[in-house]
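Participant: below is the sequence, then the predicted model.
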Amino acid sequence: MFDIFGKLKWFIKEHWRRYLLAILFLNASSIASVIPPRIIGEGINHIVNKTLTPEKLLELVLLMTLLAVGGYIVSFLWVYLLFGAGNLLEFDLRKMFFKHLLRMDAKFYEKNLVGDLMARATSDLRAISFTAGFGVLALVDATVYLAFLLGMMIFTINLKLTLFSLLPLPIVVIGVRFLGKKIHKHFTEAQNSFSDLNNKVLESVSGVRVVRAYVQERKDIERLDESAKNVVEKNLELNKYDAAFESVFLAAFSIAYAIAIGYGTYLVFNQQLDPGDLVTFTIYLGMLRWPMFAMGEATNVMQRGNASYDRINNIVEQDSEVVEPKRPVKIGGQFRSIQFKNVSFEYPDGQFKVLDDINFEIKQGKTLGIVGKTGSGKTTIIRQMLKQYDLKDGDILINNEDYKEVKTKDIRKFFGYVPQEHILFTGTVKENIAFGNVFAENEEIEQAIDISAFRKDLKFLEHGLETLVGEHGVTLSGGQKQRLSIARAVLINPDILILDDSLSAVDGTTEKTILRNIKKYRSGKNTIIIAHRLSAVEHADEIIVMDDGEIVERGTHKELMDLNGWYARQYIHQQMLNHEVGDQDEA
Ligand SMILES: Nc1ncnc2c1ncn2[C@@H]1O[C@H](COP(=O)(O)OP(=O)(O)OP(=O)(O)O)[C@@H](O)[C@H]1O
């Protein structure tokens with residue numbers, strides 16, 4: 001049950017002063033709350049014994065007022081400090097979690113779905129934060145405050161009365177132990193089902209257009225329904241144990257209350273107890289509700305916090321397979337070359353070689369074209385180049401240094417990558433373009449817009465560069481997104497610009513314009529172009545043709561045309577199609 005505090009030792013150690021003060025103020029407020037019932041009892045005894053004088057009454061009222069004001073101040077302080085600790089912990093954990101997500105490799109994201117990660121980053125982190133704030137409060141009140149109250153009941157009122165009223169307590173202890181374990185188990189199951197629902201909602205929302213296009217709304221609703229039902233069932237199961245937990249202790253407490261009232265009245269009748277003391281005792285008994293309830297709550301909250309901490313840890317403990325070098329080699333200065341030497345690769349859960357003995361070199365200032373059938377391994381070459389997966393067979397060298405000896409971030413700084421899927425962040429067009437270089441000057445942004453032929457699109461956007469795009473903004477067409485993504489990559493002026501099928505949604509004329517601009521503005525820099533439309537790589541210094549993970553043809557456009565293989569056949573076929581389309585357009 002206390003495991004969670006062991007796991008949070010690092011945080012408590014860092015914030016021990018805050019916790020110490022919070023607990024001191026919390027206990028001061030407990031003391032401030034156990035004295036007034038005694039004053040009330042004393043007042044009643046004075047009334048019964050007819051010894052109450054105006055001076056005594058004034059003294060009692062002043063004391064009560066003083067305690068109320070003091071209690072208010074210390075309560076404010078402990079609430080601020082203790083719940084603040086919970087918020088600080090949530091902030092620290094969220095930062096750590098997010099940093100970890102940014103560090104992880106592609107394999108991690110294949111294993112852990114986004115919806116599940118989101119569930120952990122929200123409700124699990126909140127459960128842990130709740131433990132660090134409210135959990136500590138419940139624990140302190142269930143022990144120290146309980147001890148204060150019992151002390152007052154035993155030492156200032158009556159030992160026997162107190163002992164009798166505590167008789168049902170063992171029921172609570174047994175209930176807490178048994179039900180606490182069940183709650184831990186069912187809470188984890190409920191959280192897992194919530195993660196699953198999150199994944200499905202995410203898929204449904206992001207794929208809503210496809211779902212509609214295929215008229216699959218009903219099936220999608222059924223799928224979500226099933227998942228939502230599962231969440232409800234798991235939570236109802238959890239509620240059952242939650243309810244049993246609270247009922248066990250409320251029943252035990254009610255019995256204790258009945259015993260105390262019955263036996264206390266008997267003592268008053270036998271003049272072994274003053275009526276004022278019985279009133280004080282009943283008030284204490286009422287006050288005992290919270291620390292006894294807190295006993296259950298502390299267990300409950302700690303069990304949940306523990307389960308959530310394990311779920312967070314489970315993610316944070318997963319390490320990236322891409323191992324960072326212990327003594328990294330620094331590669332400063334300009335990019336000179338990248339070499340693939342006998343590189344073979346299988347995806348972690350794949351069954352076959354996706355890359356088979358790949359060899360090529362890109363020297364400074366050169367353009368490489370990568371073409372081939374779909375699924376032949378073109379993008380996988382890029383993933384290896386960006387060190388997204390661990391390389392097992394063969395070597396990749398950058399400026400003659402082994403990739404394994406160079407930090408991933410030092411490798412990636414050479415690249416500007418335009419992936420097949422274009423991601424727009426919520427913000428303006430300008431912010432999206434300047435994503436990789438927020439300090440870019442306006443002229444640099446304007447130049448990136450010209451290179452990527454995005455200027456003509458700007459005219460159609462109501463607020464030009466300041467138009468909001470992404471989740472809360474206007475929707476851009478596929479071609480516009482491609483051009484914006486190219487502008488984003490061009491702006492960072494990378495040594496190697498990678499266009500991964502990034503010209504597929506632009507027409508032939510715009511493609512020519514973009515390629516001409518890239519050649520002109522990026523002379524001396526490298527470009528890698530993956531394309532299905534071969535006209536996009538015609539001008540490259542070298543073109544490699546991929547088939548089933550192997551390089552089956554290589555050379556310049558002219559050499560490949562002379563070879564009369566897949567490239568030449570495909571090129572001629574595409575040219576004929578272009579003419580046909582052109583003829584139809586003219587007709
Ligand atoms: N994450 C992955 N896990 C397992 N297999 C994968 C993964 N990504 C791709 N593959 C497989 O690797 C092979 C090569 O994929 P890759 O994306 O490199 O091909 P490509 O030539 O770029 O295809 P396209 O032209 O359609 O983009 C395919 O058979 C694909 O199914």
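Facilitator: Sure, I can see it.
Participant: would you map out the domains in this structure?
Facilitator: Domain assignment of the chain by automatic domain parsing yields the ranges 3-316, 333-414+533-587.
Participant: the ligand is nearest to which of these?
Facilitator: domain 333-414+533-587 (3.2 Å; Cβ to the nearest ligand atom). C-beta here means a position set from N, CA and C on the backbone, and glycine is covered the same way.
Participant: please see if the closest one touches the ligand.
Facilitator: Yes. Domain 333-414+533-587 lies within reach of the ligand by Cβ under 6 Å from any ligand atom, at Tyr347, Gly350, Val354, Gly372, Thr374, Gly375, Ser376, Gly377, Lys378, Thr379, Thr380.
Participant: buried ones among those?
Facilitator: The neighbour count (16 or more other Cβ atoms under 10 Å) marks Tyr347, Val354, Gly372, Ser376, Gly377, Lys378, Thr379, Thr380 as buried among those.
Participant: got the contact list for the last one?
Facilitator: Same thing as Thr380. By Cβ atoms under 8 Å, 6 or more residues apart in numbering, Thr380 lies in contact with Phe345, Tyr347, Val354, Leu355, Gly549.
Participant: now the residues of domain 333-414+533-587 next to the ligand as CSV including pLDDT and secondary structure?
Facilitator: Below are those laid out as CSV (pLDDT from 0 to 100; DSSP: H, G, I helix; E, B strand; the rest coil):
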residue, pLDDT, secondary structure
Tyr347, 87, coil
Gly350, 75, coil
Val354, 93, coil
Gly372, 93, strand
Thr374, 89, coil
Gly375, 90, coil
Ser376, 92, coil
Gly377, 92, coil
Lys378, 94, helix
Thr379, 93, helix
Thr380, 94, helix
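Participant: got JSON lines for these, with distance to Thr509 too?
Facilitator: Shown next, in JSON lines, are these (distance: Cβ to Cβ, whole Å):
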{"residue": "Tyr347", "distance to Thr509": "38"}
{"residue": "Gly350", "distance to Thr509": "39"}
{"residue": "Val354", "distance to Thr509": "35"}
{"residue": "Gly372", "distance to Thr509": "25"}
{"residue": "Thr374", "distance to Thr509": "25"}
{"residue": "Gly375", "distance to Thr509": "29"}
{"residue": "Ser376", "distance to Thr509": "28"}
{"residue": "Gly377", "distance to Thr509": "30"}
{"residue": "Lys378", "distance to Thr509": "25"}
{"residue": "Thr379", "distance to Thr509": "26"}
{"residue": "Thr380", "distance to Thr509": "31"}
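Participant: can you tell me which of these is closest to Thr513?
Facilitator: Nearest to Thr513 among the residues of domain 333-414+533-587 next to the ligand is Lys378, at 23.7 Å by Cβ to Cβ.
Participant: the closest one reaches Gly372, doesn't it?
Facilitator: Yes. Counting by Cβ atoms under 8 Å, Lys378 does reach Gly372; the two are 5.8 Å apart.
Participant: list the residues that contact both of these two?
Facilitator: Residues touching both Lys378 and Gly372 by Cβ under 8 Å, 6+ apart: Met546.
Participant: stretch 548-562 - what's its average pLDDT?
Facilitator: Throughout stretch 548-562, pLDDT has a mean value of 94.
Participant: so which elements touch the lengthiest helix in the chain?
Facilitator: Longest helix in the chain, counting residues (DSSP state H): helix 217-269. Contacts defined by 3 or more Cβ pairs under 8 Å, 6 or more residues apart in numbering; DSSP states H and E place helix 217-269 against helix 159-165, helix 169-206, helix 275-316.
Participant: at 10 Å instead, please
Facilitator: Contact here means 3 or more Cβ pairs under 10 Å, 6 or more residues apart in numbering; DSSP states H and E; on that basis helix 217-269 packs against helix 159-165, helix 169-206, helix 208-213, helix 275-316.
Participant: chain center to it: distance?
Facilitator: Put simply, helix 217-269 sits 31 Å off its chain's centre (Cα atoms, centre = their mean, to the nearest Å).
Participant: again with stretch 12-27
Facilitator: Centroid separation for stretch 12-27 versus its chain: 28 Å, with Cα atoms, centre = their mean.
Participant: list of residues touching it?
Facilitator: The contact list for stretch 12-27 (Cβ atoms under 10 Å, 6 or more residues apart in numbering) reads 5-6, 8, 11, 73-85, 88-89, 92, 132-133, 136-137, 139-141, 144-145, 147-148.
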